[in-house]
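Engineer: Have a look; sequence and predicted model below, questions after that.
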Amino acid sequence: MSKIIMKLGELSCPSCLAKIEGAMTGTKGVISAKVLFNASKVKAEFDENIVKSDELVTKVEKLGYPVQSSKVTLV
């Protein structure tokens, strides 16, 4: 299992949080996802055998939220 933390541009509304969390948790291989609204970060645990970290970054960016940086660690 791996963990990714993505730093986003500033989130403007709470519906952004729900949109991102819904997309992430609906992705096969994602175990959990949490958006930290005030910090503009997304934290997710995922199975890298099923989904790759770059796919998760692309998913968030396709929702319209540019990812400024990301860090992946093994859990």
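Structural biologist: Received, thanks. Numbers count the residues shown, from 1 in each chain.
Engineer: give me the number of residues near residue 33?
Structural biologist: If you count neighbours by other CB atoms under 10 Å, residue 33 ends up with 21. Where C-beta positions appear, they are placed from N, C-alpha and C, glycine not excepted.
Engineer: Revised request: answer the last question for residue 4.
Structural biologist: Residue 4 has 24 neighbours, counted by other CB under 10 Å.
Engineer: And for residue 48?
Structural biologist: By other CB under 10 Å, 14 other residues sit near residue 48.
Engineer: Out of the helices and strands in the protein, which is least certain?
Structural biologist: helix 14-25 (a mean of 92; mean pLDDT, DSSP states H and E).
Engineer: right, and residue 50 touches residue 29 too?
Structural biologist: Yes. Under the criterion of CB atoms under 8 Å, residue 50 makes contact with residue 29 at 3.0 Å.
Engineer: wait, what's in contact with residue 13?
Structural biologist: Neighbouring residues of residue 13 by CB atoms under 8 Å, 6 or more residues apart in numbering: there are none.
Engineer: just residue 21 next, same as before
Structural biologist: Here residue 21 is in contact with 33-35 (CB under 8 Å, 6+ apart).
Engineer: picking that back up, in the least confident helix or strand of the chain, which of the residues would be classed as buried?
Structural biologist: 16, 19-21, 23-24 (16 or more other CB atoms under 10 Å).
Engineer: Export those residues to a markdown table and append columns for distance to residue 62.
Structural biologist: Compiled in a markdown table, the buried residues of helix 14-25 are given as follows (distance: CB to CB, whole Å):
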| residue | distance to residue 62 |
| --- | --- |
| 16 | 14 |
| 19 | 11 |
| 20 | 11 |
| 21 | 15 |
| 23 | 9 |
| 24 | 12 |
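Engineer: Which single one of the residues you listed is nearest to residue 57?
Structural biologist: residue 24 (11.0 Å; CB to CB).
Engineer: Residue 3: which element?
Structural biologist: For residue 3, the element it lies in under DSSP states H and E is strand 2-8.
Engineer: nope, residue 35 is what I was after
Structural biologist: strand 30-36.
Engineer: before we move on, the earlier item: and residue 50 and residue 29? Which one has more around it.
Structural biologist: Higher neighbour count among residue 50 and residue 29: residue 29, with 17 against 12, using other CB under 10 Å.
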